[in-house]
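# A structural model of the following input is requested.
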Amino acid sequence: MSLFILVLTMVFLLGLMSFASELLALGSEILEVKFGAGFVGSVILGFRSWRGELVVTILK
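The predicted structure follows:
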């Protein structure tokens with residue numbers, strides 16, 4: 001695989017992660033109005049960290 005394809009893939013994935021982070025932030029702001037900042041922050045951060053640990057455990 002050429003270096004150009006690898007760099008292009010990396011840039012695409014970085015853009016995709018940035019877009020997903022923006023959607024997560026927008027969703028958090030909407031939910032904060034209804035449930036409060038403390039609850040929403042702990043639930044979303046807990047879900048994000050749990051999902052990452054699950055992927056690492058499955059791949060191991």
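
# contacts and neighbour counts: CA atoms only from here.
Fine.

# what helix or strand does Ala25 sit in?
Here Ala25 sits within helix 3-35, counting by DSSP states H and E.

# what packs against that helix?
helix 37-59 (3 or more CA pairs under 8 Å, 6 or more residues apart in numbering; DSSP states H and E).

# for the helix it packs on, what is the average pLDDT?
For helix 37-59, mean pLDDT is 73.

# Equivalent analysis for stretch 23-31, please.
pLDDT averaged over stretch 23-31 gives 85.

# count of neighbours near Leu45?
11 (other CA atoms under 10 Å).

# Relative to Leu14, how far out is it?
20 Å (CA to CA, to the nearest Å).

# follow-up on the earlier one: mind listing what's buried in the helix holding Ala25?
Across helix 3-35, burial judged by 16 or more other CA atoms under 10 Å covers Ser28.

# Equivalent analysis for stretch 33-44, please.
Result for stretch 33-44 [16+ other CA under 10 Å]: buried residues Val40.

# Centre of the chain to it, how far?
17 Å (CA atoms, centre = their mean, to the nearest Å).
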